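Colleague: Return atomic coordinates for the entry below.
(chains A and B)
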Amino acid sequence: MSDSSVVRWQNFAQSFRRLTYDRMALAGLVMLAAIVALALLAPYITPYPNEAGAYANFGQAFLSPSLSHLFGTDDVGRDVFTRVIFGFRISLFIAVVVLIPSVILGVTLGLVAGYYGGWVEALVERVTDVFLALPALIFALVIAGILGPSLQDVIIALLSLWWNWYARIMFTLTKSLKNQPYVEAARVQGAGAFRIMFREILPNAASTLSAKMMLDAGFIILIEAGMGFLGIGVRPPTPDLGVMVANGSAYIATKWWIPVFPSIALTLLILAFNLIGNGIRDLFDVKVI
Amino acid sequence: MLPNREACGSSDIYSLEEVSKTFEVKSGLARSVRAEIQAVSGVSFRVRPSETFGIIGETGSGKTTIAKMMLLVYRPDTGRILFEGEDISKFKDAQIRDYRRKVQTVFQDPTSSLNPRHKVRDLVEAPLKIYHQASEGKVNSLLKLVNLDDSYLQRYPHTLSGGEKQRVAIARALALNPEVLILDEPTSALDVSVQAKIIALLKDLKTRLKITYVFISHDLSLVANFCDRTLVVYRGKMCEMGETGEIFKNPLHPYTRLLLSSVPVVSDSEIRVKPADVPEEIPTVPINGHSEGCVFRDRCWLREDVCDTGPKFIDKGKEHWVACHFA
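Modeller: Numbers count the residues shown, from 1 in each chain, chains lettered A, B, ... in the order given. The predicted structure is shown next:
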């Protein structure tokens, strides 16, 4: 067992090394690593960790960028840099919390539907049809209307929509992969359905799925920020990049650093995911649906 | 009258009785049946223990469909396939599992029949894991059996040559000590020089392991070289069956003679083996009406009106069976 896990780690390390040969993907990886490090170590990096959330000190409001306040301070005197790196935490948290369950649920349902066909296929297809017909932002508005705007309604709204994409992609992939001769070979050898789905089909879908996940992570972060901007997502004073852009936009002409630095941060984060996603796509030559 | 009556009964590994399979071509919104393709029709033969039984025919003649029915991939529409006296289509789950262990297969194209995401070790170990027989060193000894060394264990299929891949596929098929190996054109995707090595390997394995082979091919010289008995199929129907040597020396069916005459030859001694009566060019005549006639009559130079009614598959002596009015 330990032997095969070593092998698996070597495979991953090998793919990862090949990914770093792609300069753009490498840039994305470096950016993402830097952002993750900033987010994880946020309280130790900034000298003002208590200024991230509910805090006001009007004596130091609207300070322009300087060595003591790299990105300046906002309208209530909070350090913008501090809020940006704490904001990364929310963005990354949303991406992980939405993606991981979506992938697990969607991939399993898509595999089962594509492999068995028949009424299972019809059921999964119809249910995903319904969910995919709902636009994410409008759906989130409705959820926010019911539950009141919070981080929770962003997660509920995105989760209930996102797994459908993975169910669809995995369904399509399974439909074509299950007719591969190696799948037939496994069946003739006596392999059961579970083994065929998860050992024979799923590994061949992994590259498409991981490219899609990276591109989706950026997209989810963007939607979450958009919801924060519209006031239906995370509420102030939580340090959320979308909310920071929304509140800061009033000062764009005079105190530009308040909205601009969170915007740049958001852009870089999404760009990092997209560069990695494109790199994976090129590496494995997969088509992302 | 039917070849089922040939030789003895229950000692046969396989006995196919009047097996037919029709595929429906569906199209349109309502998925209505547009056409029916008779892939295999009325095929009966027996496979004896530890013989090499060849099935030969051109592309689309139904040889792979026969193999897939024997492998329980398709179910025959009519007829029965008996394995050691038992009808395989009546098997329950536990029996199917047991059957799959006893009957393994090697596919035509090793590139597509080996999962590209698995290493050689995982590929060969897979059947062992399915049947909980994985043990230390088993994979190594299987690779040794097909003349591959341990350095291949950690390699992916795409880093192997065609011949090496097919060796891995053979090692995988042998993992569970099967009684029967169904070889569906195992060499047709390989270079000629590699073909010879794989055939030599299969022959060697046969003498060592006493496996029964069902060998499907469109290559006559391979069949002549490899098989004890041979069945010639054309459009899903049996044309001729018998000892391979007898069929090649004395081909009775015009289709068999056509096949023999179409083998490219390089020397005079080979030309002498070719049947003399096959014309250079044979005009194809469309068949109208009479679907039960001889399937080969559209291309046959011996064709007469009697061919519109099906010739029976009969024993011409020395267990040499043929379906032709003029044989």
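Colleague: For chain A, what lies in contact range of chain B?
Modeller: Applying Cβ under 8 Å from any Cβ of the partner chain, one finds that chain A approaches chain B through A:4, A:7, A:180-182, A:184-192, A:195, A:199-200, A:203-204, A:206. For glycine as for every other residue, the C-beta is placed from the backbone atoms N, C-alpha and C.
Colleague: Sort out which of these are buried, if you could.
Modeller: Buried members of the residues of chain A next to chain B, counted by 16 or more other Cβ atoms under 10 Å in any protein chain shown: A:180-182, A:184-191, A:195, A:199-200, A:204.
Colleague: Quick check: the two most widely separated of those?
Modeller: A:Gly190 and A:Asn204 (20.3 Å; Cβ to Cβ).
Colleague: what pairs with the helix or strand that contains B:Met238, and is each one parallel or antiparallel?
Modeller: In the assignment (DSSP states H and E), B:Met238 maps to strand B:237-243. Next to strand B:237-243 in the sheet, as set by DSSP bridges, lie strand B:229-234 (antiparallel), strand B:321-322 (antiparallel).
Colleague: Quick check, the residue in the stretch 151-300 of chain B closest to chain A?
Modeller: In the stretch 151-300 of chain B, no residue comes nearer to chain A than B:Gln154, which is 6.9 Å away by Cβ to the nearest Cβ.
Colleague: Now do the residue nearest to that residue when sequence neighbours are not counted: how many residues are near it, please.
Modeller: Excluding its sequence neighbours, the residue lying closest to B:Gln154 (Cβ to Cβ, 6 or more residues apart in numbering or on different chains) is B:Lys119, at 5.6 Å. B:Lys119: 19 surrounding residues under other Cβ atoms under 10 Å in any protein chain shown.
Colleague: The most centrally placed residue in chain A and chain B, how far apart?
Modeller: Central residue of chain A (Cα atoms, centre = their mean): A:Ala217, 2.2 Å from the mean position. Separation of A:Ala217 from chain B (Cβ to the nearest Cβ, to the nearest Å) stands at 24 Å.
Colleague: Over to A:Phe171?
Modeller: Taken as Cβ to the nearest Cβ, the span from A:Phe171 to chain B is 19 Å.
Colleague: Ok, A:Lys178 next?
Modeller: Taking Cβ to the nearest Cβ, one finds A:Lys178 at 12 Å from chain B.
Colleague: Surely that residue is in contact with A:Tyr115?
Modeller: Yes. With contact defined as Cβ atoms under 8 Å, A:Lys178 reaches A:Tyr115; the gap is 5.8 Å.
Colleague: list residues touching both of these two?
Modeller: A:196, A:201 (Cβ atoms under 8 Å, 6 or more residues apart in numbering or on different chains).
Colleague: If you rank every helix and strand of chain A by mean pLDDT, what lands last?
Modeller: Every helix and strand of chain A was ranked by mean pLDDT, DSSP states H and E. The lowest is helix A:2-20, at a mean of 71.
Colleague: What is the subsequent helix or strand relative to that helix?
Modeller: For helix A:2-20, the following helix or strand on the C-terminal side (DSSP H and E) is helix A:23-40.
Colleague: ok so, going back, doesn't the residue of the stretch 151-300 of chain B closest to chain A lie inside a helix?
Modeller: No. Remark: B:Gln154 does not belong to a helix; assigned using DSSP: H, G, I helix; E, B strand; the rest coil, it is coil.
Colleague: What is the burial count for it?
Modeller: Neighbour tally, B:Gln154, other Cβ under 10 Å: 14.
Colleague: how much space is there between it and A:Gly110?
Modeller: Between B:Gln154 and A:Gly110 the distance is 31 Å, computed by Cβ to Cβ, to the nearest Å.
Colleague: what's the helix or strand for B:Ser41?
Modeller: Element membership of B:Ser41, judged by DSSP H and E, is strand B:32-47.
Colleague: Can you name the next helix or strand after that strand?
Modeller: Where DSSP H and E defines the elements, the next helix or strand beyond strand B:32-47 is strand B:52-56.
Colleague: which helices and strands sit right next to the helix or strand that that next one is followed by?
Modeller: Per DSSP H and E, the first helix or strand lying C-terminal to strand B:52-56 is helix B:63-70. With contacts defined as 3 or more Cβ pairs under 8 Å, 6 or more residues apart in numbering or on different chains; DSSP states H and E, helix B:63-70 has these neighbours: strand B:14-27, strand B:32-47, strand B:52-56, strand B:180-184, strand B:212-217.
Colleague: Now with 6 Å, please.
Modeller: Judged by 3 or more Cβ pairs under 6 Å, 6 or more residues apart in numbering or on different chains; DSSP states H and E, helix B:63-70 is in contact with strand B:32-47, strand B:180-184.
Colleague: Render the CA-only coordinates of the longest one in CSV, please.
Modeller: Below are the C-alpha coordinates for strand B:32-47, written out as CSV (Å, rounded to 0.1, in the frame of the first residue of the first chain):
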residue,chain,number,x,y,z
SER,B,32,-36.9,3.6,-34.4
VAL,B,33,-35.1,0.7,-36.0
ARG,B,34,-33.9,1.7,-39.5
ALA,B,35,-32.0,-1.4,-40.4
GLU,B,36,-30.9,-4.7,-39.1
ILE,B,37,-27.5,-6.1,-39.5
GLN,B,38,-27.2,-9.9,-39.2
ALA,B,39,-23.7,-10.1,-37.7
VAL,B,40,-23.7,-13.8,-36.9
SER,B,41,-26.2,-16.3,-38.2
GLY,B,42,-26.5,-20.0,-37.3
VAL,B,43,-23.0,-20.5,-36.2
SER,B,44,-22.2,-23.9,-34.6
PHE,B,45,-18.8,-25.3,-33.6
ARG,B,46,-17.0,-27.0,-30.8
VAL,B,47,-13.7,-26.2,-29.2
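Colleague: Around chain A, which positions in the stretch 101-250 of chain B sit nearby?
Modeller: Residues of the stretch 101-250 of chain B lying close to chain A (Cβ under 6 Å from any Cβ of the partner chain) are B:105, B:107, B:112-115, B:117, B:127, B:130.
Colleague: circling back to that earlier point, measure how the strand holding B:Met238 sits relative to strand B:14-27, angle-wise.
Modeller: For strand B:237-243 against strand B:14-27, the angle by axes from the mean of the first three to the mean of the last three Cα atoms, to 10 degrees is 160 degrees.
Colleague: pLDDT weak spots in chain B?
Modeller: B:1-10, B:268-274, B:276, B:287-291 (pLDDT under 70).
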